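Asker: 3D, please:
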Amino acid sequence: MNEEVKQVNIPLDPDVMYDALEKKIQSSGHPMDLGRIRAAYEMAKLAHAGQLRKDGCSPYVTHCVAAADISVDLGLDEDSICAALLHDVIEDTSLSTPARKTSRWRTCARCSWPWPRTSA
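Answerer: Below is the predicted model of the structure:
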């Protein structure tokens, strides 16, 4: 019995994952600015567009949403959730420095790291 087992990867849907994350945040009972968290998600999604996870088929941003989900499970605050969503943007994307200087980015990224982390 030398049958080859073929593994089939089914891509994760980041929007479905984010919707579940938002529901988890709402049910946590902790008041949070969901608009700010969504803006962080949208920024991460834009910045990671075209990148895939190691499974070769899931959008990379699903990793960021999974990190944010863990943050919620740990009872962390809004800044931590935004940081989880954005944690790979500066290091692993080509989001331009001018884009990182916009008010939208600063609203999303107002969290625990020093500003700015990279040179212009």
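Asker: where does the prediction get shaky in the chain?
Answerer: Applying pLDDT under 70 to the chain flags the ranges 1-3, 5-8, 95-120.
Asker: His48 and Thr62 touch, don't they?
Answerer: No. The criterion here is C-beta atoms under 8 Å, and His48 misses it with Thr62 at 9.2 Å. Where C-beta positions appear, they are placed from N, C-alpha and C, glycine not excepted.
Asker: now do the helices in this structure.
Answerer: Along the chain, the segments classed as helices by DSSP state H run 14-27, 34-47, 61-73, 78-86, 89-92, 97-100, 103-109.
Asker: residue contacts, the residue nearest to Ile37 when sequence neighbours are not counted?
Answerer: In space, and not counting its chain neighbours, Ile37 is closest to Ile81: 5.6 Å by C-beta to C-beta, 6 or more residues apart in numbering. When contacts are counted by C-beta atoms under 8 Å, 6 or more residues apart in numbering, Ile81 touches Ile25, Met32, Ile37, Ala40, Ala68, Ser71, Val72.
Asker: for His87, state which of these is nearest.
Answerer: Each of those was checked against His87 using C-beta to C-beta; the closest is Ala68, at 9.2 Å.
Asker: what's the distance between that closest one and Asn9?
Answerer: As judged by C-beta to C-beta, to the nearest Å, Ala68 and Asn9 stand 22 Å apart.
Asker: neighbour-wise, which of the two wins?
Answerer: Ala68 (29 against 11; other C-beta atoms under 10 Å).
Asker: what sits against that one?
Answerer: Contacts for Ala68 (C-beta under 8 Å, 6+ apart) come out as Leu21, Ile37, Tyr41, Ile81, Ala84, Leu85.
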